[in-house]
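Undergrad: 3D, please:
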Amino acid sequence: MFDSSMPPLLALGAGAIIAIVVIGAVILIAAIVIGMYNALVRDRNRVKNAFAQIDVQLKRRHDLIPNLVETAKGYMAHEKSTLEEVTEARNHAMAAAKAAASSPVGGGNVKALSAAEGALSGALGRLNVTMEAYPDLKASQNMMQVQEELTTTENKIAFSRQAYNDSVMHYNVRREQFPSSIVAGMFNFEEADMFEIEDPAEKEVPKVSFS
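TA: All right, here's what the predicted structure looks like:
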């Protein structure tokens, strides 16, 4: 017969108590896993959003380069190979940017974009050196306008890149920390790559100066 003086849990019996404890533990673990999963998703989405801001500025940069090349062509008829190098580097950078925009986390797309943008910066820098021998080109109103727009765009890229890299570091730290690392492995949260130009000689903003 049920003894009203007994504690409720003891009255249920040992089996029922164990079942309640197990169910409670499972619910607690599930809540922790869900919390970690949601935090990882949130940080990954921040990385994607930060990259989207870079992508906007990269597209602007890529759109300005044909104007730069076309203007230079009128003054640099004997520098065809230099101009072609810039155009080819731009095309590679555009393709890399498109791949990175579709999947900025994992897959090495951002790392490939970093290399492509570094090559483009190098090509622009070499073009700038060549342009120094053409005073009329330096004085071109259209070229000075492109210079100003490129400089503004490059500054925005640098700012956006810093914000992106901060988001990447935060996300990567969370996915590597225990016990979040277990959840990250279970649900395939891939490492995000920093957006950096690896060649130190190409890290500076290409200065398209004609003053």
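
Undergrad: and stretch 124-139, end to end?
TA: 18 Å (Cα to Cα, to the nearest Å).

Undergrad: what packs against the lengthiest helix in the chain?
TA: Here the longest helix in the chain is taken by residue count, with DSSP state H as the criterion, and it is helix 14-73. Helix 14-73 makes packing contacts with helix 8-12, helix 80-102, helix 109-131, helix 141-176, helix 180-186 when contacts are defined by 3 or more Cβ pairs under 8 Å, 6 or more residues apart in numbering; DSSP states H and E. Yep, even glycine has a C-beta here, placed from its N, CA and C like the rest.

Undergrad: how far does the fourth one sit from the chain's center?
TA: Once both centres are worked out by Cα atoms, centre = their mean, to the nearest Å, helix 141-176 turns out to sit 10 Å from its chain's centre.

Undergrad: so which bits of it are buried?
TA: In terms of neighbour count (16 or more other Cβ atoms under 10 Å), helix 141-176 has its buried residues at 143-144, 146-147, 149-150, 153-154, 156-157, 160-161, 164-165, 167-168, 171-172, 174-175.

Undergrad: can you check the last one too?
TA: By 16+ other Cβ under 10 Å, the buried positions in helix 180-186 come out as S180, V183, A184.

Undergrad: what is the mean pLDDT for stretch 79-87?
TA: Per-residue pLDDT values over stretch 79-87 give a mean of 92.

Undergrad: next one: stretch 144-155
TA: The predicted model assigns stretch 144-155 a mean pLDDT of 91.

Undergrad: what about the closest residue to E88 other than its chain neighbours, distance to L68?
TA: Computed as Cβ to Cβ, 6 or more residues apart in numbering, the closest residue to E88 that is not its neighbour in sequence is A123, at 7.9 Å. When Cβ to Cβ, to the nearest Å is the yardstick, A123 and L68 sit 11 Å from each other.

Undergrad: joint contacts of those two?
TA: Counting by Cβ atoms under 8 Å, 6 or more residues apart in numbering, the common neighbours of A123 and L68 are V86.

Undergrad: quick check: angle from the longest helix of the chain to helix 141-176?
TA: Helix 14-73 and helix 141-176 meet at an angle of 160 degrees, taking axes from the mean of the first three to the mean of the last three Cα atoms, to 10 degrees as the criterion.

Undergrad: helix 14-73: how far from the chain's middle?
TA: Centroid separation for helix 14-73 versus its chain: 12 Å, with Cα atoms, centre = their mean.

Undergrad: right, and L127 touches L83 too?
TA: Yes: look at L127 against L83 with Cβ atoms under 8 Å: they come within range, at 7.2 Å.

Undergrad: what do these two both touch?
TA: With contacts taken as Cβ under 8 Å, 6+ apart, the residues that reach both L127 and L83 are A72.

Undergrad: more crowded one of the two?
TA: In this view L127 and L83 are compared by other Cβ atoms under 10 Å, and L127 has more residues nearby, 22 against 19.

Undergrad: ok now do the more buried one, which residues does it touch?
TA: Contacts of L127 were listed using Cβ under 8 Å, 6+ apart, and they are L68, A72, T82, L83, E85, V86.
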